[in-house]
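Engineer: Got a predicted model here, sequence first, then my questions.
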There are 2 protein chains.
Amino acid sequence: MVGRMAVVEDELSLVFSALADPTRRAIVERLALGEATVNQLAEPFAMTQQAISKHLKVLERARLITRTRTAQARPCVLDTENLDAAVGWIERHRQIWADRHDRLSEHLAALQAGRAKNEDKP
Amino acid sequence: MVGRMAVVEDELSLVFSALADPTRRAIVERLALGEATVNQLAEPFAMTQQAISKHLKVLERARLITRTRTAQARPCVLDTENLDAAVGWIERHRQIWADRHDRLSEHLAALQAGRAKNEDKP
DNA sequence: CATTTGCACAACCAATAGGTTGTGGAAGTG
DNA sequence: CACTTCCACAACCTATTGGTTGTGCAAATG
């Protein structure tokens, strides 16, 4: 195999990689305040409308936004389901580590306490 | 400006893009169970040790792991601080939207209730 | 000391990402 | 109808990503 790439991108990868771009995060922040059209979203950025459309397509593929059609406009709405999925994944593993880490700290504290019986300054 | 790329990658982008790869997420999952050496981490994957080393460098740059030195081994440990940062960012904006969405659902439910007075089947 | 083990650095490669310009269609407005 | 507004598609460009092979050093082991 020479240089083959990922073919079947899983949803979580799409979500995280969608959130990995500052422009797209800004768009999500904006959409958290309410729906907006492409031009409204593009306005604050120093880039073309086409670039923003590309970003929106990435967010849509990650199912972080959904798009409706109102007349000639294409308003975007935030879809939090996959945001939840992302938080879920992180929390699941962060918590396991945190628990272990607590026990480790506990263990070290116990050791420290044991040493304190013999010498005041370690 | 013709095709200039991101120069000053912010930390959050590094974190999300580090988590955007299934191999790296698997590594994080593994490290949530406790520290491991490079070879231990590489073992489950159908790729070279060098590829894993690259992935570890990405995780290290995102400050999701830290590496110590024990003899000739380089054990990796999970660092949850930036995982927390990622969750924090998502939660902040997800919550705002969720609140708005609740009020919208409420509003729609109220409308629906109003209609129910006139016709049973909407 | 010779060898193995653990890991990283470098050069290379194909695919992807993130931007551009150019263009055109579909829906509202004079 | 002519025109403008809103948006997407296509072609193109460059940098980055995710993998490879080849190599070599540093520390443990015989």
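Structural biologist: Arrived safely.
Engineer: quick one: the helices in chain A?
Structural biologist: Assigned by DSSP state H, the helices in chain A fall at A:11-19, A:22-32, A:38-42, A:49-61, A:81-116.
Engineer: which other helices and strands contact the third one?
Structural biologist: Taking 3 or more CB pairs under 8 Å, 6 or more residues apart in numbering or on different chains; DSSP states H and E as contact, the helices and strands that helix A:38-42 lies on are helix A:22-32, helix A:49-61. For the C-beta atoms, the positions are set from N, CA and C on the backbone; glycine is no exception.
Engineer: tally of neighbours for the closest residue to A:A73 other than its chain neighbours?
Structural biologist: By the measure of CB to CB, 6 or more residues apart in numbering or on different chains, the closest residue to A:A73 outside its immediate chain neighbours is A:T37, 4.7 Å from it. Per other CB atoms under 10 Å in any protein chain shown, the neighbour tally for A:T37 reads 15.
Engineer: Ok, the one 3 residues further on next?
Structural biologist: If you count neighbours by other CB under 10 Å, A:Q40 ends up with 13.
Engineer: repeat for A:N82
Structural biologist: For A:N82, the neighbour count with other CB under 10 Å is 21.
Engineer: for it, what are its contacts?
Structural biologist: A:N82 makes contact with A:E11, A:V15, A:A62, A:R63, A:L64, according to CB atoms under 8 Å, 6 or more residues apart in numbering or on different chains.
Engineer: Quick one: buried ones out of those residues?
Structural biologist: A:V15, A:A62, A:R63, A:L64 (16 or more other CB atoms under 10 Å in any protein chain shown).
Engineer: Need the helices of chain A in CSV (columns: mean pLDDT and distance to B:K54).
Structural biologist: Output for these, formatted as CSV (pLDDT from 0 to 100; distance: least, CB to CB, whole Å):
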stretch, mean pLDDT, distance to B:K54
helix A:11-19, 96, 17
helix A:22-32, 95, 24
helix A:38-42, 95, 35
helix A:49-61, 97, 24
helix A:81-116, 72, 21
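Engineer: Relative to B:I96, which of the ones you listed is closest?
Structural biologist: helix A:22-32 (4.5 Å; CB to CB).
Engineer: Buried deepest among the helices of chain A, which one?
Structural biologist: Highest mean neighbour count among these (mean count of other CB atoms under 10 Å in any protein chain shown): helix A:11-19, with a mean of 21.
Engineer: okay, that one in CSV with CA atoms only?
Structural biologist: Output of helix A:11-19 as CSV, limited to C-alpha atoms (Å, rounded to 0.1, in the frame of the first residue of the first chain):
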residue,chain,number,x,y,z
GLU,A,11,-19.1,11.1,11.6
LEU,A,12,-17.0,12.0,14.6
SER,A,13,-14.0,12.7,12.4
LEU,A,14,-16.1,15.0,10.3
VAL,A,15,-17.4,16.8,13.3
PHE,A,16,-14.0,17.4,14.9
SER,A,17,-12.4,18.4,11.7
ALA,A,18,-15.2,20.8,10.9
LEU,A,19,-14.6,22.4,14.3
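Engineer: Fine, thanks again, bye for now.
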